[in-house]
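A.B. asks: what would the 3D arrangement of this be:
(chains A and B)
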Amino acid sequence: MSHNLSHHPDNVMLVEFSAGTLPTAESICVSAHLHFCEQCRTELLRLDQVGSQLLTEAEPAEIDESLFDTVMAKIDSAEASPKPATAEKVQSFPHSVSKLIKNPQHQPIWKRLSASVDIARFKTGQSEFEVALHRICAGGKTPKHDHSGVEYTVVLKGSFSDERSVYKEGDFLVRQPGDVHQPMGAQNGECICLSALQAPIKLSNPLGFLMKPLLRINPM
Amino acid sequence: MLRKTIDIVDKNSQPAGRVAVLNTSEKRSDEWSLLLISVGADRDRQAFAQLFKHFAPLLKSFAQANRHQGWFPGLGEDLVQEVMIKVWQKAAGYNPEKASATTWIYTVARNCRIDMLRRKSNTQHLPLENEDYWHEPDEDTPVSLLRQKRSETKVQDSLSQLPKEQDEILRKVYLEGKSHAEASEELGLPLGTVKSRVRLALQKMQILVSPEYQDELSHES
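C.D. replies: Okay, the predicted model is just below:
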């Protein structure tokens, strides 16, 4: 599963991921990239040591003596009613993505976005980014478009290209607002990408509701 | 049972002497890791009590350092409880080859802290918990423990010697739970400066793996 990738999250994102301050949508994309990228997994192991070292150096706080017994009592009562073990299957998709696909509260479904692109939106419980899978058919051309917000993309299957490069499984891309691009699916098979697209700032215009059906970006 | 100790080394392919050296030097023998291994393998309550005694005060202090919006100091003991319960429940999955017990417990604490914050600020059902982001593929290439320990030592030694301006940003991010953007606002520094200080710190601690990657990053800035 690991091969050399040329497009990674920058180290600021990895630091925030390790520190646990990276927001949900970005974290999902980073975790999808990690599934494919051994190099970033190694860097994260080391970054976690930074957190670990800072934890060790903390001035120990006072703990109420009864806390240990409280914890043991909770452990014992949890063990009295064990949860059924769920069999972990070998997954070709990153774990976080598989879990979103199987979310019982919101089963994502493919919807046609254009002649060659389908979208399946995820429910992730945040409102800044639309997190979704995009499927580009083999050789499919997407319309030339630009973004009002940041877009993160991780290739999960197949490959696609744009004016700048070819992107393969695991590659992590960031498009800034204003970047114009026209992705194209590889000729030899469909391409599936995870993407997180920042939603535009909500309009306070009293007629704003009229625009809503036109906005394709739909965080949930 | 120890999970995947280095004894797996293929003895046929190595001169006998070398195997012996690897076996003695490539085991994790610090006190906390051994205790965590016995909690996982034998459900050892005494070992767990010792871990609790050492880590609970540190975890509470870690929780109290958090300055994230929506967090308050009273959550300190809640976090300690949640983390220690998880430590007990997940100890069997601890892989000493990959991380020291302290680092492993840090990751549990980090995940619990985010989940507590997300649950507080969100009334709807959240499909993912933070540990879902950290699921590693099964076929992960095992890291050499020796290499792993060397990098741990490097991080430990160089973290304490970082210039104050780099150290303070890492503390804001790891302990206070701030993003780099928030850190730059609080320190009155441009975001680019904050990012380059962090990059310098990571280089000093030898955290970045690929030299090309570092080059690529310096082009971006």
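A.B. asks: and the helix or strand where residue B:112 lies, what's buried?
C.D. replies: Here residue B:112, judged by DSSP states H and E, is contained in helix B:101-120. For helix B:101-120, burial by neighbour count (16 or more other CB atoms under 10 Å in any protein chain shown) applies to B:101-118. Backbone N, C-alpha and C define where each C-beta goes, glycine included.
A.B. asks: do stretch A:95-114 as well
C.D. replies: Using 16+ other CB under 10 Å as the test for burial, stretch A:95-114 gives A:95-100, A:103, A:108, A:113.
A.B. asks: please enumerate the helices of chain B.
C.D. replies: Per DSSP state H, chain B carries helices over the ranges B:16-25, B:31-42, B:45-65, B:76-90, B:101-120, B:145-159, B:164-174, B:180-187, B:191-204, B:211-220.
A.B. asks: got a markdown table for those helices, with mean pLDDT too?
C.D. replies: As requested, these are exported to a markdown table (pLDDT from 0 to 100):
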| stretch | mean pLDDT |
| --- | --- |
| helix B:16-25 | 40 |
| helix B:31-42 | 95 |
| helix B:45-65 | 95 |
| helix B:76-90 | 95 |
| helix B:101-120 | 91 |
| helix B:145-159 | 88 |
| helix B:164-174 | 94 |
| helix B:180-187 | 94 |
| helix B:191-204 | 94 |
| helix B:211-220 | 46 |
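A.B. asks: now tabulate those in TSV and tack on distance to residue A:59.
C.D. replies: Listed next are these as TSV, based on distance: least, CB to CB, whole Å:
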stretch	distance to residue A:59
helix B:16-25	33
helix B:31-42	18
helix B:45-65	6
helix B:76-90	13
helix B:101-120	16
helix B:145-159	17
helix B:164-174	13
helix B:180-187	21
helix B:191-204	22
helix B:211-220	34
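A.B. asks: pipe those into a markdown table and attach distance to chain A per row.
C.D. replies: Output for the helices of chain B, formatted as a markdown table (distance: least, CB to the nearest CB, whole Å):
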| stretch | distance to chain A |
| --- | --- |
| helix B:16-25 | 19 |
| helix B:31-42 | 10 |
| helix B:45-65 | 3 |
| helix B:76-90 | 5 |
| helix B:101-120 | 4 |
| helix B:145-159 | 4 |
| helix B:164-174 | 5 |
| helix B:180-187 | 5 |
| helix B:191-204 | 5 |
| helix B:211-220 | 6 |
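A.B. asks: out of those, which comes closest to residue A:120?
C.D. replies: Smallest distance to residue A:120 across these (CB to CB): 23.0 Å, for helix B:101-120.
A.B. asks: quickly list the domain ranges of chain B.
C.D. replies: What automatic domain parsing lists as the domains of chain B is B:6-140, B:162-221.
A.B. asks: which of those domains sits closest to residue A:198?
C.D. replies: domain B:162-221 (14.1 Å).
A.B. asks: what residues are up against residue A:26?
C.D. replies: A:13, A:16-17, A:129, A:152, A:196 (CB atoms under 8 Å, 6 or more residues apart in numbering or on different chains).
A.B. asks: got the confidence number for the residue lying farthest from the centre of chain A?
C.D. replies: Going by CA atoms, centre = their mean, the residue of chain A most distant from its centre is residue A:65, 41.1 Å out. pLDDT for residue A:65: 89.
A.B. asks: now swap in the one 10 residues further on and tell me
C.D. replies: Looking at residue A:75, its pLDDT is 94.
A.B. asks: so it versus residue B:126, what's the distance?
C.D. replies: From residue A:75 over to residue B:126 the distance is 24 Å, taken as CB to CB, to the nearest Å.
A.B. asks: you'd agree residue A:130 is in a strand?
C.D. replies: Yes: according to DSSP: H, G, I helix; E, B strand; the rest coil, residue A:130 belongs to a strand.
A.B. asks: correct me if wrong: it contacts residue A:194.
C.D. replies: No: counting by CB atoms under 8 Å, residue A:130 does not reach residue A:194; the two are 11.5 Å apart.
A.B. asks: the nearest residue to residue A:36 once chain neighbours are set aside: how many residues sit nearby?
C.D. replies: For residue A:36, ignoring the flanking residues on the chain, the nearest one in space by CB to CB, 6 or more residues apart in numbering or on different chains is residue A:170 at 2.6 Å. Residue A:170 has 25 neighbouring residues, counting by other CB atoms under 10 Å in any protein chain shown.
A.B. asks: which secondary structure state does residue A:170 sit in?
C.D. replies: Classified using three-state DSSP, residue A:170 is coil.
A.B. asks: quick check: it touching residue A:158?
C.D. replies: No: at 11.6 Å, residue A:170 does not count as touching residue A:158 under the criterion of CB under 8 Å.
A.B. asks: excluding sequence neighbours, find me the nearest residue to the residue nearest to the spatial centre of chain B.
C.D. replies: With distances taken as CA atoms, centre = their mean, residue B:103 lies nearest the centre of chain B, 3.8 Å away. Using CB to CB, 6+ apart and skipping residues adjacent in sequence, the residue nearest residue B:103 is residue A:52, 3.9 Å away.
A.B. asks: what sits against that neighbour?
C.D. replies: By CB under 8 Å, 6+ apart, the contact list for residue A:52 reads B:99-100, B:102-103, B:105-106.
A.B. asks: does it lie in a helix or a strand, and which?
C.D. replies: For residue A:52, the host element (DSSP H and E) is helix A:38-56.
A.B. asks: ok so, going back, what's near enough to touch the residue nearest to the centre of chain B?
C.D. replies: A:45, A:48-49, A:51-52, B:152 are the contacts of residue B:103 under CB under 8 Å, 6+ apart.
A.B. asks: residue B:83 now?
C.D. replies: Taking CB under 8 Å, 6+ apart, we find residue B:83 in contact with B:55, B:59, B:105, B:108-109, B:112.
A.B. asks: same thing but at 6 Å, please
C.D. replies: Residues in contact with residue B:83 (CB atoms under 6 Å, 6 or more residues apart in numbering or on different chains) are B:59, B:108-109, B:112.
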